[in-house]
Structures are given as structure tokens and as C-alpha cells.
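Chemist: pasted the sequence and its predicted model underneath.
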Amino acid sequence: MKSSPPPTRRQQGAALIMALLVVALATLLATSLIWQQNAWLRGMETRRDLAQARQLASAGIDWARAVLAEDARKSRYDHLGEPWATRVPAMPAEGGEIGGAITDEQSKFNLNNLVRNGRRDEAELQVFRRLLQLLQLPAQLASSLADWLDADDRPGANGEDGAEDAYYLNLQPPYRAANRELTDIDNLLRVRGYTADIVERLRPYVSVLPGYNPLNVNTAGALVLSAVLHDFPVTEIHQVVAERERIPFLDIGDFRKRLANQEHIMQPGIERLDTRSSHFSVALHARYGNADTRVQALLQRTAIWPRIVWQKFE
């Protein structure tokens, strides 16, 4: 009986190469599985840290609500010397850190004041046009925004300045005028004439609050005060700011009594002022582990407990 011939060198080499390929493939699969497992673990850790950071930020919103509620119990007017107006730097909290600030949104001009009960408020439009002029922006922006907010489908007195459905339906893509209040300042980007640059220019000076809201004379900047009190000389606006920093105004009666020029006590712009605010924004930054989050919220201070109108996480 003949014996099988021994394998050739070529067959032995092929077997060795095959074995090495199998080992390499097994190593590659094992490495890939380990990498995927590590990536999954890192993803889980990141999601866990993000959830904790958001929980920390939510606790910060509740802290802001408590500060505003306590302020309402202790004071009947609001000013920039109160605890809520102090910016809180990043501080250790619950295994991470949190910091931020509360801003009086009634220190700005409320864009929704332009329309009341579905109809334009010409006096408020005059205020907004004055603000636009001070910011060196086109006055026509006031008319186009009023048309966006009012309930009818008729452009304002100067149709070239305003814009209703007939204008927006000719855009690509077409859409209709909202005919209701703004809910966010970025809604302006859909209104005729408003660009991203214009919205950013306006952002420090305007707010978007539900309904009509007066301007807080104790917290508003000189430029917005000049727009509302447009009959006051600039020097008197600066006197108002200096006077409130010395002693905040208790109420509008106190404001009138302390005016340097008593000839202005009956100016109609004063009726748009108040010393008490009910709307505040909160901007917080929270970090936990490897995750960072930012949250913005609009709070409405009520008689019982400030409510969250809206909040956004970033």
C-alpha cells in the first residue's frame, strides 16, 4: 500500500498564511468589539452626565423662581440693587457647577405692545419708531411688524412700509402673516425687512412678552427710556438714571415728584412706565462631569409662585 506524499512547501506556506489571516481577523473583530463597547460606555456616560447637568440647570431655574418670589414678599418695587439682579459666577453644586443671571425683561421695550386687542397701538408704534431711529435702523420695520401682529389683512397707512399676506404669499416658500403675538424674538426673521443682523442689534433692547407690559423705569437702559420718554431731553434721561441709582423710584408718583423739570410730569410717555416687573428671563450654564448645558427660561411672577412661560435647553 502506497503512503500519501508529504505536503509541498507551497501547501505549507498557504496553510501558514491562512492561519495568520484567521488570527488577524479574530484580533480585528475583538478590537472592534472592544472599541464599540468603549464607545457605548462613553456614550452612556455622556448621556448620564448631560441628564445630570440638565437636572442641575432645572434646579437653578427653581432657585431663580424662589429668589423672585422672596423679592416679591419683601419689596413692592424692583430695581437693579436687589439680589435677583446680581450675576452668579460658576459655583460648585451637586457634583458639578452652575452659574448665570436673572434679567428684568420689562427693562426692554415689549414688541407685543404694538398691537392691543388685534389693533395697532399708534402711541406704541411711535415709541418703537423712536427706538429704531436711536439704533439707526429703518423706521419701516415698525409698520411691517405691526402688520405681522395685527388681526386684519390690510397693510398700514403706508402700504409700502407694511406687509400682509399679499406680500408673504409671493415669497419662496410662501407663507402667511402670523396675525398674532410673537412668542420669541427670533420670530422676527419671518417679518418683512428683518435680517439676522437687525435682530441681533435689537435683542438687548426689546423683549417678547405676552400681552401689554409697561417699562420698568428702575431697570431700563437710557436708550430705551429715551424712546419711551421721547419728549425728555437726553440730559434729563441721564438725570433720571442717576437719580434712580441714588434712590430707586417707589412708584410713578414718586417718579413724577423727583423729576428735575416739573414741566414734564404730565408727559404721556410716563403712563407707559412702572416700577414693578412681572417678567424675568433666566440664563444658566451648568456642567456635570464631561457634559455642559445651557438653559434659558422666561418666568412670569404671579402672586403665588413664578411660573415658567417657556424654557429652552442648548
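Modeler: In hand now; what should we look at? Numbers count the residues shown, from 1 in each chain.
Chemist: next, count neighbours for residue 155.
Modeler: Neighbour count for residue 155, taken as other Cβ atoms under 10 Å: 20. C-beta coordinates here come from the backbone N, C-alpha and C atoms, glycine included.
Chemist: does it really touch residue 147, like I thought?
Modeler: Yes. Contact criterion Cβ atoms under 8 Å: residue 155 and residue 147 qualify, at 5.8 Å.
Chemist: between those two, which contacts overlap?
Modeler: 162-164 (Cβ atoms under 8 Å, 6 or more residues apart in numbering).
Chemist: so which of those residues is the closest to residue 268?
Modeler: Of all those, residue 268 sits closest to residue 162, with 24.5 Å by Cβ to Cβ.
Chemist: in the sheet, who's paired with residue 93?
Modeler: Under the criterion DSSP bridges, residue 93 forms beta bridges with residue 96.
Chemist: and for the one 10 residues further on?
Modeler: With DSSP bridges as the criterion, the beta-bridge partners of residue 103 are residue 281.
Chemist: what separation is there between it and residue 190?
Modeler: 25 Å (Cβ to Cβ, to the nearest Å).
Chemist: ok, the two, which is more surrounded?
Modeler: Legend: neighbour count by other Cβ under 10 Å for residue 103 and residue 190, higher for residue 103 (19 against 14).
Chemist: what's near enough to touch the more buried one?
Modeler: Residue 103 sits in contact with 280-283, where contact means Cβ under 8 Å, 6+ apart.
Chemist: which of those sits closest to residue 58?
Modeler: So of these, ranked by how close each gets to residue 58 (Cβ to Cβ), first place is residue 282, at 11.0 Å.
Chemist: domain parsing for the protein?
Modeler: 62-105+278-313, 112-203 (the TED database).
Chemist: got JSON lines for those domains, with mean pLDDT and distance to residue 218 too?
Modeler: Putting the domains of the chain into JSON lines (pLDDT from 0 to 100; distance: least, Cβ to Cβ, whole Å) gives the following:
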{"stretch": "domain 62-105+278-313", "mean pLDDT": "93", "distance to residue 218": "4"}
{"stretch": "domain 112-203", "mean pLDDT": "93", "distance to residue 218": "18"}
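Chemist: so where do the helices sit in this protein?
Modeler: Secondary structure of the chain, counting by DSSP state H: helices at 9-74, 122-134, 140-149, 165-168, 196-202, 222-228, 234-246, 252-257.
Chemist: nearest residue to residue 288 other than its sequence neighbours?
Modeler: residue 96 (3.5 Å; Cβ to Cβ, 6 or more residues apart in numbering).
Chemist: against residue 64, how distant is that neighbour?
Modeler: Taking Cβ to Cβ, one finds residue 96 at 17 Å from residue 64.
Chemist: who's more crowded, those two?
Modeler: residue 64 (24 against 20).
Chemist: list the beta-bridge partners for residue 292.
Modeler: With DSSP bridges as the rule, residue 292 is bridged to residue 287.
Chemist: in this structure it contacts residue 285, no?
Modeler: Yes. Using Cβ under 8 Å, residue 292 is in contact with residue 285, at 7.0 Å.
Chemist: return the member of the contacts of residue 103 nearest to residue 269.
Modeler: residue 280 (23.5 Å).
Chemist: how many neighbours does the closest one have?
Modeler: Residue 280: 25 neighbours (other Cβ under 10 Å).
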